[in-house]
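> Here is the input, now give the coordinates:
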Amino acid sequence: MIKNREKRPQFIHYPSAVTGFTLIELMISLVLGLLISAAVMQVYLINTRTITVQQSASEVQDSTIFAMQALEEHIRIANLGNPIVSINDKTNHGGVVLTKNNLGSSNKTEAKYLTASTGSTGWSGLSNIKDIGSDQLTIQYKNITPNTLYDCKGGKIDANSSDWVVERYFIRLSSSTTTELALACDAGRVDANGLVTSAFNGNGEVIVPAVDQFNVLLGTQTGVNELTYLPAKTYLELTDKPSITTVKIGVIVRSNTPLITDGDKEKFNIFGKEQILKTDSTGKKYYRRSYESTVLLRNARIMALTGVSVTS
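As a prediction, this is how the structure comes out:
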């Protein structure tokens with residue numbers, strides 16, 4: 001027989017002392033954790049700043065490459081359809097509209113809708129630059145080609161249309177609820193006598209959504225090998241006005257995405273002149289770059305002929 005074994009009570013043995021983290025070990029752990037968190041946050045901030053700079057630069061590049069190239073294409077065809085290639089303030093239907101005489105004998109358009117610069121009569125250009133206002137450029141042309149064209153607002157211009165297309169480029173508020181500026185274009189039509197058949201004195205369509213400055217210089221043929229650039233006001237003050245052959249445009253384009261850093265450049269150079277932002281500290285937290293372009297008017301070329309004497 002198997003004898004029943006006597007059950008003995010089981011005892012749980014505990015260590016003589018319960019061990020844990022000391023205060024110094026806890027402090028070391030916290031410091032190491034904070035250092036690792038700080039390093040992770042630093043990497044995150046650097047990456048975020050890089051992404052915002054790249055995005056802002058991309059926005060400015062898109063505006064300058066696509067929108068400004070479209071503007072250049074329209075300026076280039078100014079004076080198309082006009083048999084007179086010498087453009088000044090009295091040229092009938094001249095490609096650069098400086099006075100109402102350029103629009104036709106019966107035109108009564110106000111001066112504020114014509115090509116103007118700082119100081120021009122009736123003109124006050126919006127700008128985010130200290131002491132320098134933006135300019136306005138008004139051009140006109142006629143579609144004498146066999147193809148359909150479109151004005152800067154997307155309006156259809158029928159082939160061989162008899163109307164003159166007038167386009168006005170200027171700075172305005174991007175909307176009624178903000179203080180941001182944009183480059184806009186308004187387009188209209190006038191007939192051969194200068195009577196307005198479609199007005200070009202509205203708010204127009206935005207072509208570049210964020211622009212702080214828009215400047216224009218008129219290139220004039222002052223000699224056989226001389227080309228002088230003048231603002232519209234200075235040109236109109238000349239007694240003997242030379243023919244306009246080129247147009248130079250300069251803009252300061254701003255991004256739509258603000259930077260995380262303290263701010264970007266505040267000084268820019270357009271046409272060799274320093275321009276300083278007048279926006280507040282919030283407005284300065286955007287990526288900005290200046291852009292210049294010179295456009296030759298294809299339909300306003302002046303040829304200088306020189307005589308050569310032949311001796312026998």
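> which stretches of the stretch 201-312 of the chain aren't confidently modelled?
Filtered on pLDDT under 70, the stretch 201-312 of the chain yields the residue ranges 224, 262-263, 279-282, 301-312.
> Helices of that one, start to end?
232-237 (DSSP state H, counting those that start in this stretch).
> what ranges do the strands span in it?
205-208, 211-223, 226-230, 244-258, 267-270, 273-276, 286-296 (DSSP state E, counting those that start in this stretch).
> so what's the closest residue to residue 278 other than its chain neighbours up against?
Spatially, and ignoring its direct neighbours in sequence, residue 278 is nearest to residue 130 (4.4 Å; C-beta to C-beta, 6 or more residues apart in numbering). Where C-beta positions appear, they are placed from N, C-alpha and C, glycine not excepted. Taking C-beta atoms under 8 Å, 6 or more residues apart in numbering, we find residue 130 in contact with 275, 276, 277, 278.
> now those residues: which count as buried?
By neighbour count, with 16 or more other C-beta atoms under 10 Å, these hold 275, 277 as buried.
> Can I get the contacts of residue 130 in TSV including distance to residue 65?
Shown next, in TSV, are the contacts of residue 130 (distance: C-beta to C-beta, whole Å):
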residue	distance to residue 65
275	22
276	26
277	23
278	27
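> Residue 179: which of the contacts of residue 130 is nearest?
Nearest to residue 179 among the contacts of residue 130 is residue 278, at 11.8 Å by C-beta to C-beta.
> Can you verify my assumption that the closest one contacts residue 129?
Yes. The pair residue 278 / residue 129 is scored as a contact, 6.3 Å apart, by C-beta atoms under 8 Å.
> and for the two, which residues touch both?
With C-beta under 8 Å, 6+ apart, residue 278 and residue 129 have no common neighbours.
> Output the below-cut-off pLDDT ranges for the stretch 1-150 of the chain.
Low-confidence segments of the stretch 1-150 of the chain, defined by pLDDT under 70, span residues 1-21, 44-57.
> where do the helices sit along it?
23-62, 68-76.
> Most tightly packed of those helices?
Of all the helices of the stretch 1-150 of the chain, helix 68-76 has the most neighbours on average by mean count of other C-beta atoms under 10 Å, namely a mean of 17.
> and it, what other elements does it pack with?
Packing contacts for helix 68-76, counted by 3 or more C-beta pairs under 8 Å, 6 or more residues apart in numbering; DSSP states H and E, involve strand 137-141, strand 205-208, strand 244-258, strand 286-296.
> contacting residues for residue 92?
Taking C-beta under 8 Å, 6+ apart as the test, what residue 92 contacts is 82, 84, 101, 102, 104, 105.
> I'd like the distance between the residue nearest to residue 270 when sequence neighbours are not counted and residue 215.
Closest residue in space to residue 270, ignoring its immediate chain neighbours: residue 250 at 3.9 Å, by C-beta to C-beta, 6+ apart. In this view, residue 250 and residue 215 are 4 Å apart by C-beta to C-beta, to the nearest Å.
> Also residue 153?
From residue 153 to residue 215 the distance is 23 Å (C-beta to C-beta).
> if you count what's nearby, which of these two comes out ahead?
residue 215 (26 against 16; other C-beta atoms under 10 Å).
> Is that one in contact with residue 270, as I believe?
Yes. Using C-beta under 8 Å, residue 215 is in contact with residue 270, at 5.5 Å.
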